[in-house]
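Novice: Any chance you can model this:
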Amino acid sequence: MLIAEECFDAMLQMLIDAGLVHRSCAAVMLDRLSERLLLHASGRTETHWAIRTPELIDQATRLSRMAATLKTVIGGVS
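Specialist: All right, here's what the predicted structure looks like:
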């Protein structure tokens, strides 16, 4: 999963750096993705995918942290 995480992070950063995705939009997307992963971890989504609760919670936490970092940068700390 680590390779996928690194690729996702790099791709998101590339989109932001290229000006294709604004930091605030990326932060909202990451927050929503994090929320969805937590819903999935709790079994409240309809899916055929296996539910690996610890992994989903870890990923949700990581994405939430990324969103918070982007929001901090937007707030003028860049």
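Novice: What segments of this protein are helices?
Specialist: Assigned by DSSP state H, the chain shows helices spanning 2-17, 23-41, 53-72.
Novice: any idea which of the ones you listed scores lowest on pLDDT?
Specialist: Mean pLDDT is lowest for helix 2-17 among the helices of the chain, at a mean of 90.
Novice: Measure how that one sits relative to helix 53-72, angle-wise.
Specialist: 20 degrees (axes from the mean of the first three to the mean of the last three Cα atoms, to 10 degrees).
Novice: List the buried residues for helix 2-17?
Specialist: For helix 2-17, burial by neighbour count (16 or more other Cβ atoms under 10 Å) applies to 12, 16. No exception for glycine: its C-beta is placed from N, CA and C like everyone else's.
Novice: That one to helix 23-41, inter-axis angle?
Specialist: 150 degrees.
Novice: If you count contacts, what does helix 2-17 end up packed against?
Specialist: Helix 2-17 sits against helix 23-41, helix 53-72, with contacts defined as 3 or more Cβ pairs under 8 Å, 6 or more residues apart in numbering; DSSP states H and E.
Novice: Throw those into CSV and include mean neighbour count and distance to residue 3, thanks.
Specialist: Shown next, in CSV, are those (neighbours: other Cβ atoms under 10 Å; distance: least, Cβ to Cβ, whole Å):
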stretch, mean neighbour count, distance to residue 3
helix 23-41, 17, 18
helix 53-72, 16, 14
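Novice: Can you redo those helices as JSON lines, where the extra columns are distance to residue 47?
Specialist: Below are the helices and strands packed on helix 2-17 laid out as JSON lines (distance: least, Cβ to Cβ, whole Å):
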{"stretch": "helix 23-41", "distance to residue 47": "6"}
{"stretch": "helix 53-72", "distance to residue 47": "11"}
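Novice: For residue 6, find the nearest of those helices.
Specialist: Closest to residue 6 of the helices and strands packed on helix 2-17 is helix 53-72 (Cβ to Cβ; 11.6 Å).
Novice: Render the CA-only coordinates of stretch 9-23 in CSV, please.
Specialist: Provided in CSV are the C-alpha atoms of stretch 9-23 (Å, rounded to 0.1, in the frame of the first residue of the first chain):
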residue,chain,number,x,y,z
ASP,A,9,0.5,11.9,-2.8
ALA,A,10,2.9,12.7,-5.7
MET,A,11,0.0,12.9,-8.2
LEU,A,12,-2.0,15.2,-6.0
GLN,A,13,1.0,17.4,-5.5
MET,A,14,1.7,17.5,-9.2
LEU,A,15,-1.9,18.6,-9.9
ILE,A,16,-1.6,21.4,-7.3
ASP,A,17,1.8,22.5,-8.5
ALA,A,18,0.5,22.6,-12.1
GLY,A,19,-2.4,24.8,-11.0
LEU,A,20,-5.0,22.2,-12.2
VAL,A,21,-6.4,21.7,-8.7
HIS,A,22,-6.6,24.5,-6.1
ARG,A,23,-5.3,23.7,-2.6
